[in-house]
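Engineer: sequence first, then the predicted structure:
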Amino acid sequence: MAVREIIVAPDPRLKTVSEPVERVDGDTRALMDDMLETMYAARGIGLAAIQVGVPKRVIVMDLARDDEPPQPRHFVNPEILWHSDEMHAQEEGCLSVPELWDTVERPARVRARFLDYDGEKREIEADGMLAVCLQHEIDHLNGVLFIDYLSKLKRNMMLRKLQKAKRLKATA
Ligand code: K1U
Ligand code: ZN
């Protein structure tokens, strides 16, 4: 297992529409293992494969609190089958948009199908943070970031901050 580098916006790779996984094999499981290790090292609660530069429809997540045992979740080829009309506004962050948070409104509940770590077909109905995180991560698979839901003014301000942080890091 390895901690991989997380791509930070602005970066054209984060705009990629990721490809479905044909078979959940050893390579897919090794990718999910690395993604979880990367996510835990960054203290995140979710990660999409494109955030480590792999354009495959793979997500990992762990919503356990610090005082609970780890609850790693794996989603391969996730698809939203249904979403509620009711909306829910929640502050979101992103490991590819470090240290910047803002409120995004999304459907409060979703039902999704996906393949698990063993390649078995699964369906879940999600609300709360699981629904928020699942929609946020599926957006990554479609090349969408949470900042894309904000006003152009806010988004451009955030992108300028990220660009400046990258320049400072490169000259440090
Ligand atoms: O997609 C990602 O980069 C993961 C992202 C998931 C997410 C968080 C909040 C709302 C929607 C989606 C993160 O994990 S951001 C980091 C984070 O949640 C966190 C970081 C430090 C302390 C506590 C939380
Ligand atoms: Zn994100």
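Structural biologist: Here it is on my side, so go on. Ligands and ions are numbered 1, 2, ... in the order given.
Engineer: residues from this protein in reach of ligand 1?
Structural biologist: 43-47, 51, 92-96, 132-133, 136-137, 140 (C-beta under 6 Å from any ligand atom). (C-beta placed from N, C-alpha, C; glycine too.)
Engineer: which of these count as buried?
Structural biologist: Burial by neighbour count, 16 or more other C-beta atoms under 10 Å: within the residues of the chain next to ligand 1 this picks out 44-47, 51, 92, 94-96, 132-133, 136-137, 140.
Engineer: quick one: contacts of the helix or strand bottoming out on mean pLDDT in the chain?
Structural biologist: Sorting the helices and strands of the chain by mean pLDDT, DSSP states H and E puts helix 152-171 at the bottom, at a mean of 96. Residues outside helix 152-171 that contact it (C-beta atoms under 8 Å, 6 or more residues apart in numbering) are V8, A9, P10, V97, P98, L100, D102, I147, D148, L150.
Engineer: centroid residue for the protein?
Structural biologist: Nearest to the geometric centre of the chain sits E137, at 3.1 Å (C-alpha atoms, centre = their mean).
Engineer: quick one: what helix or strand has the closest residue to that one other than its chain neighbours in it?
Structural biologist: Among residues not flanking E137 along the chain, I59 sits closest, at 4.3 Å (C-beta to C-beta, 6 or more residues apart in numbering). Using DSSP states H and E, I59 sits within strand 58-61.
Engineer: buried ones in that strand?
Structural biologist: Using 16+ other C-beta under 10 Å as the burial criterion, the residues of strand 58-61 that qualify are V58, I59, V60, M61.
Engineer: swap in stretch 78-88?
Structural biologist: Here stretch 78-88 shows P78, H83 as buried, counting by 16+ other C-beta under 10 Å.
Engineer: how far does it sit from its chain's centre?
Structural biologist: Centroid separation for stretch 78-88 versus its chain: 17 Å, with C-alpha atoms, centre = their mean, to the nearest Å.
Engineer: same thing with stretch 145-157?
Structural biologist: Relative to where its chain is centred, stretch 145-157 has its mean C-alpha point 17 Å off (C-alpha atoms, centre = their mean).
Engineer: equivalent analysis for stretch 132-144, please.
Structural biologist: Relative to the mean C-alpha coordinate of its chain, stretch 132-144 is positioned 6 Å out (C-alpha atoms, centre = their mean).
Engineer: and what of stretch 130-144?
Structural biologist: Centroid separation for stretch 130-144 versus its chain: 5 Å, with C-alpha atoms, centre = their mean.
Engineer: and the gap between the residue nearest to E137 and P70?
Structural biologist: The gap separating I59 from P70 is 16 Å, by C-beta to C-beta, to the nearest Å.
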